[in-house]
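sequence first, predicted model second:
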Amino acid sequence: MMELTRKEEGPVTVVRLAGEIDQEGVNTLRVGLLNCLKDKRCNVVVDLSNVRYVSYMAVGVLLERRRQLIAGGGDLKLAGLNLVVKRTFHMASVTGMFSIYDTIAQARDGFKAAA
C-alpha cells in the first residue's frame, strides 16, 4: 500500500510518497502527478524518503510525467532516495534522466537555480 500527499510550497509542489510503489501504487502515483499537470503545478518534487520499494512501472510513470511537466514549462525532481530505490533507478539505467537530491529543500532550491 502506498500513500501520496501533496503540498504546495510557493511555486513548487511537493508530492510525498510512503510505502511500496507496486502495481496499485503506480496507479495512485499516475493520478497524483496527473492532477499536478491539470492544476498547472509543473514544478514538482517527488519525495521518496519513505518509500521501501519502487517497481519498474513506477519508474516509467515518473519518466513520462517528467516529460509532460517539462512540456508544461516545469520539471520533476526526486528527493530522498534510499539505497533500495537508488538501486532500482540504477538498474533501469535512468539515474541520468532525473535530477536527484538528498533532501526536499535541495530539490526545491534546484528550481531556483534553474530559473
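Yep, that arrived. Numbers count the residues shown, from 1 in each chain.

pretty sure Val84 is touching Tyr53, no?
Yes. Between Val84 and Tyr53 there is a contact under Cβ atoms under 8 Å: 6.7 Å. In this view, the C-beta of every residue, glycine as well, is placed from N, C-alpha and C.

between these two, point out the one with more neighbours.
More crowded of Val84 and Tyr53, by other Cβ atoms under 10 Å: Tyr53, with 15 against 11.

mind listing what's buried along the longest strand seen in the chain?
Assignment by DSSP state E gives strand 43-54 as the longest strand of the chain. Buried residues in strand 43-54, counted by 16 or more other Cβ atoms under 10 Å: 43-48, 51, 54.

adding pLDDT and distance to Arg65, write those out as CSV.
Converted to CSV, the buried residues of strand 43-54 look like this (pLDDT from 0 to 100; distance: Cβ to Cβ, whole Å):
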residue, pLDDT, distance to Arg65
Asn43, 98, 13
Val44, 98, 8
Val45, 98, 13
Val46, 98, 9
Asp47, 98, 15
Leu48, 98, 14
Val51, 97, 16
Val54, 96, 14
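
so what sits opposite the residue most central in space within the chain in the bridge?
The chain has Val46 as the residue nearest its centroid, 3.1 Å off, counting by Cα atoms, centre = their mean. Using DSSP bridges, the bridge partners assigned to Val46 are Val15, Leu78.

could you number the chain from 6 rather than 1 from now on?
Yep, numbering from 6; the last one is Val51 now.

tell me the contacts of it?
Applying Cβ atoms under 8 Å, 6 or more residues apart in numbering to Val51 gives the contacts 20, 22, 38, 67, 81-84.

give me the angle between the lowest-mean-pLDDT helix or strand in the chain and strand 48-59.
The least trusted helix or strand in the chain, going by mean pLDDT, DSSP states H and E, turns out to be helix 109-119, with a mean of 89. Interaxial angle of helix 109-119 relative to strand 48-59 (axes from the mean of the first three to the mean of the last three Cα atoms, to 10 degrees): 140 degrees.

if we can go back for a sec, and the buried residues of strand 48-59, which is closest to Lys117?
Distance to Lys117, by Cβ to Cβ, is smallest for Asn48 among the buried residues of strand 48-59, at 10.0 Å.
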